[in-house]
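Undergrad: Attaching a predicted model along with its sequence, questions to come.
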Amino acid sequence: MTDVLSSLSTLLIYIAMGFYTAAFLVFAADLARRSTQATTPVPSAVARRAATAAGPSPVIVGERPDRTTPQRVDPTKNARLVLGWAFALTLSGFVFHLAATVLRGIAAARVPWANMWEFSMTGTLVIIGVFLLVNIKWDIDYVGTFVLGLVLVLQGIALVRYYVPVVPLQPALQSYWLVIHIIVAILGTALFALGFALSCLQLLQTRRERQVTESQPQQLRFLATLPASTALENLAYRINIVGFIAWTFTLIAGAIWAEKAWGRYWGWDTKEVWTFIIWVIYAGYIHARATRGWRGSRSAWLAIIGFAAVLFNFGIVNVFFKGLHTYSGL
């Protein structure tokens, strides 16, 4: 029965990836639609202030005001149809993905995140879940292509490199801290992934606004239909703060678990060090932006470096560095 449930879980993952691929293509089609919609460049904040100083200016068709947070707009009927299909496909993939994760847990008779394959499965599930939940409050469908693309890459690598059959837990993992420590780490990773996508868009939007100010030819015209770079930065900052709180708890819970499993809170194990490095990067990002005035591109690059450290921790440290965590893949 264990083998049957494990095989069915893997099959459902493939089905979920099929839905995610279709959703990725539809979200990409929506970005293409935005490019055709953005026939009139959207002036930057600097350009608007200059125009105001010069006197009244005509209304620009399709112009979107600067925002401190993204707001919902009323899309056209065709846009609603495209986005409706995109979210329907994403939600369908999420349902199959959730079923695959639950079946893996039933097959293993434990929580399904005790090795790199299971961590990848659950982690990408939470990334999609966070993306869907955040869209209930904020209209961030424009990051769908980035989020779905990231999930497809991560889950594809996991299928090729990390899949393992169901195996019993190592003694050190037979603890309720497995549930607490890892699920919070997964949540923090998912939030950092969403913040990463927003920071990448922020850099692209900053570049476009500079081109508008300097009257340069513009590329990636779909950016003209998105919120201003400051709005993207503010939302990324909010999401990364929540992710940082989750990561802080991950670090603390890991230390407590280490004391119970190995008799010490901190031992300079490679995994422990990299978890702390990630915490330091995001702490620096939050501190620099809040107190040192690091806004704009510098803030975005710090967030991107932080998520790159998360990926390095998962994909490189877990595989190529030796330490106490290597037996579990965590």
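TA: Thanks, I have the structure now. Predicted, not measured: the structure shown is a model, and the values here were computed from it.
Undergrad: Identify the residue nearest residue 120 in space, chain neighbours excluded?
TA: residue 158 (3.4 Å; CB to CB, 6 or more residues apart in numbering). C-betas here are computed from N, CA, C, even on glycine.
Undergrad: How about the secondary structure of that neighbour?
TA: Using DSSP: H, G, I helix; E, B strand; the rest coil, the structure places residue 158 in helix.
Undergrad: just residue 294 next, same as before
TA: Assigned with three-state DSSP, residue 294 falls in the coil class.
Undergrad: Pull up the per-residue confidence for the residue nearest to residue 120.
TA: Confidence at residue 158, expressed as pLDDT, is 91.
Undergrad: Find the residue at the geometric middle of this structure.
TA: With distances taken as CA atoms, centre = their mean, residue 193 lies nearest the centre of the chain, 2.1 Å away.
Undergrad: ok, the residue nearest to residue 156 when sequence neighbours are not counted to residue 233 distance?
TA: If you skip the residues right next to it in sequence, residue 156 has residue 17 as its closest partner in space, 7.3 Å away by CB to CB, 6+ apart. Using CB to CB, to the nearest Å, residue 17 is found at 32 Å from residue 233.
Undergrad: So the two - more neighbours on which side?
TA: A direct count of neighbours by other CB atoms under 10 Å for residue 17 and residue 233 places residue 233 higher, at 26 against 21.
Undergrad: which of the residues in the helix or strand harbouring the more buried one are buried?
TA: Using DSSP states H and E, residue 233 falls within helix 229-262. Within helix 229-262, the residues that count as buried by 16 or more other CB atoms under 10 Å are 229-244, 246-247, 249-251, 253-255, 257-258, 261.
Undergrad: same question for that helix, mean pLDDT?
TA: Averaging pLDDT along helix 229-262 gives 91.
Undergrad: what element comes up after it heading to the C-terminus?
TA: helix 270-291.
Undergrad: If you average the pLDDT over that following helix, what comes out?
TA: Regarding helix 270-291, the rounded mean pLDDT is 90.
Undergrad: I'd like to know which elements it is packed against.
TA: If contacts are counted by 3 or more CB pairs under 8 Å, 6 or more residues apart in numbering; DSSP states H and E, helix 270-291 sits against helix 229-262, helix 297-312.
Undergrad: mind redoing it with 10 Å?
TA: If you count contacts as 3 or more CB pairs under 10 Å, 6 or more residues apart in numbering; DSSP states H and E, helix 270-291 packs onto helix 177-213, helix 229-262, helix 297-312, helix 318-320.
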